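**Student:** from the sequence below, what's the structure:
(one chain, ligands or ions: 1)
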Amino acid sequence: MSQPVALVTGGNRGIGLAIAQELKDQGFLVVITHRSGSAPVGFESISMDVTSTKSVDDGFTSIEEKFGFPEVVVANAGITRDGLVMRMSDEDFVDVIDTNLTGAFRVARRATRGLLKLKKGRLIFVGSVVGSVGAAGQVNYSASKSGLVGMARSFAKELGSRGITANVVAPGFVKTDMTAELDTKRRDEIEAAVPLARFCSPQEVAGVVAFIASEKAGYITGAVIPVDGGLGMGH
Ligand SMILES: NC(=O)c1ccc[n+]([C@@H]2O[C@H](COP(=O)([O-])OP(=O)(O)OC[C@H]3O[C@@H](n4cnc5c(N)ncnc54)[C@H](OP(=O)(O)O)[C@@H]3O)[C@@H](O)[C@H]2O)c1
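**Tutor:** The predicted model follows:
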């Protein structure tokens, strides 16, 4: 049997790279996307910008030609443009939605073509605890992440009868470049609010994504799976 293909957007660093490594360890042929610069050693990679429909389409076409249809697709690429609402520009709002929500839609829509042919598959969206609980300074980001929940559940309903699942994995605060700029005071506040009293590692998110990607998770769809140290408990 040929090796199943998994695609991870934004897999060149941070949570995406940890997910790529974990899926590789689970036996997938992993293709990661990168926007510029070089891709990490040891992975198949293609250039893709999720804000461009053409770039997403070209990327999938190239993967399909070289490796076959991806049966696990992890929409992980994301950005922040934090700022208090009174100072948040249209551009800051729209850019975050375009990458985090519309970008995930572009990827999942294009992936569906192959998944329908395979008659199975996993769409996995990397959301955030902030999509449920909100965050001051992140009106744009939290809107994009809660948008993923409705979107994943709609994919789940539309494609479930074809053996395709769609789920959101919702991390709390994870040690990556995205959170590296938080000052010590904010860091301390976050750790004080998290029942497990620490940040998450990218590998802890990756382990959950790999489980959802596995055969064992075949009856889980439309779910939001928290990996947040208890921060969003009850939401
Ligand atoms: N870190 C956290 O605490 C945390 C918590 C909850 C959820 N998340 C979510 O987890 C995901 C990964 O976050 P991270 O912390 O690993 O972030 P990161 O270290 O900043 O990495 C972000 C990744 O997304 C890629 N990306 C951004 N815009 C893109 C675009 N238009 N097209 C293609 N790729 C693009 C980046 O590519 P380049 O290298 O080319 O920039 C990079 O690979 C994001 O969706 C984020 O919202 C993170």
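**Student:** go through the top helix by length along the chain and flag the buried ones.
**Tutor:** Looking across the chain with DSSP state H, the single longest helix is helix 139-159. Neighbour-count burial for helix 139-159 flags 139-149, 151-153, 155-156, 159 (criterion: 16 or more other CB atoms under 10 Å). Bear in mind the C-beta positions are built from the backbone N, C-alpha and C, glycine included.
**Student:** what's the closest non-adjacent residue to residue 145?
**Tutor:** Spatial nearest neighbour of residue 145, excluding adjacent residues (CB to CB, 6 or more residues apart in numbering): residue 131 at 3.0 Å.
**Student:** surely residue 20 is in contact with residue 32?
**Tutor:** Yes. Contact criterion CB atoms under 8 Å: residue 20 and residue 32 qualify, at 4.9 Å.
**Student:** roughly how far does the residue of the chain most remote from its centre sit from residue 104?
**Tutor:** In the chain, counting by CA atoms, centre = their mean, residue 86 sits farthest out from the average C-alpha position, at 28.5 Å. Per CB to CB, to the nearest Å, residue 86 is found 28 Å from residue 104.
**Student:** can you check residue 65 too?
**Tutor:** Distance from residue 65 to residue 104, by CB to CB: 23 Å.
**Student:** then residue 69?
**Tutor:** Distance from residue 69 to residue 104, by CB to CB: 18 Å.
**Student:** of those two, give the one with the bigger neighbour count.
**Tutor:** For residue 69 versus residue 104, neighbours defined as other CB atoms under 10 Å are more numerous around residue 104 (29 against 19).
**Student:** fine by me, thanks again.
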